[in-house]
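A.B. asks: Just to be clear, the model below is a prediction. Sequence and coordinates:
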Amino acid sequence: MFWWLLAAIVGFYVLRHLWKAYAHPAHVLGRQAANMNWIAIGRRKDETGYYDVCVSRDGIEALISFKHGNVRVIKPSHPTPFKDFIEVERWLAKSESSHDDKEVQYYQAIEMYITDMGYYEPLLELQGTDQEYCVATMKLYKAGYMAEQSEKVIGALTMDSVKKYEANRDLAMLFLESLEKKFLGKEG
């Protein structure tokens, strides 16, 4: 009878220890990360000696802190920790949408400048009748946005391409392509 009682007590402590390990906040975050398609890429030792788990998805890296039971985004760097991956996902969605909003606003500012200068109709007509020209102007807009050029500069260059198109289509196309390469740093 004594052995059964001793086995029950030892079994209770083993199960308690296993449950504590399973329910630890860092392990819960690890399971949550795996369910959200984050992949473990390594471990890092923190300043107190605990091992934190690094996870990654789509070029974004996060660190699951064992000691604190939270998530820190390390690439791109974010100063404050998140309580779980749901907060991380919300932050990522918000930052992506704000980036998209800035880009759309940039394109709208170019169009507004072109409209104010009286070139909206001629540009729209060329873009509607010449698909290659339309794609080239859109690539110029994107290159200007990525190079952080002023909307007015890109608008003025687009209006120059409209003038060049009226004289020589091939010259206008080369002009747009060279500007795109210049802004993207692909001059060669």
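C.D. replies: It's in.
A.B. asks: So for residue 86, what's the nearest residue that isn't a sequence neighbour?
C.D. replies: Leaving out its chain neighbours, the residue that sits closest to residue 86 by C-beta to C-beta, 6 or more residues apart in numbering is residue 32, at 7.8 Å. Yep, even glycine has a C-beta here, placed from its N, CA and C like the rest.
A.B. asks: Quick check: the one you found vs residue 26, distance?
C.D. replies: As for residue 32, its distance to residue 26 is 11 Å (criterion: C-beta to C-beta, to the nearest Å).
A.B. asks: Name the residue in those two with the higher neighbour count.
C.D. replies: Taking neighbours as other C-beta atoms under 10 Å, residue 32 and residue 26 compare with residue 26 leading, 19 against 16.
A.B. asks: In this model residue 125 seems to touch residue 133, though I could be wrong.
C.D. replies: No - checked against C-beta atoms under 8 Å, the pair residue 133 and residue 125 is beyond contact range at 10.4 Å.
A.B. asks: So for the two, which residue has more residues nearby?
C.D. replies: More neighbours surround residue 133 than the other of residue 133 and residue 125, with 20 against 11 (other C-beta under 10 Å).
A.B. asks: list the contacts for the residue nearest to the more buried one when sequence neighbours are not counted?
C.D. replies: Leaving out its chain neighbours, the residue that sits closest to residue 133 by C-beta to C-beta, 6+ apart is residue 126, at 5.4 Å. Taking C-beta atoms under 8 Å, 6 or more residues apart in numbering as the criterion, residue 126 is in contact with 133, 134, 162, 165.
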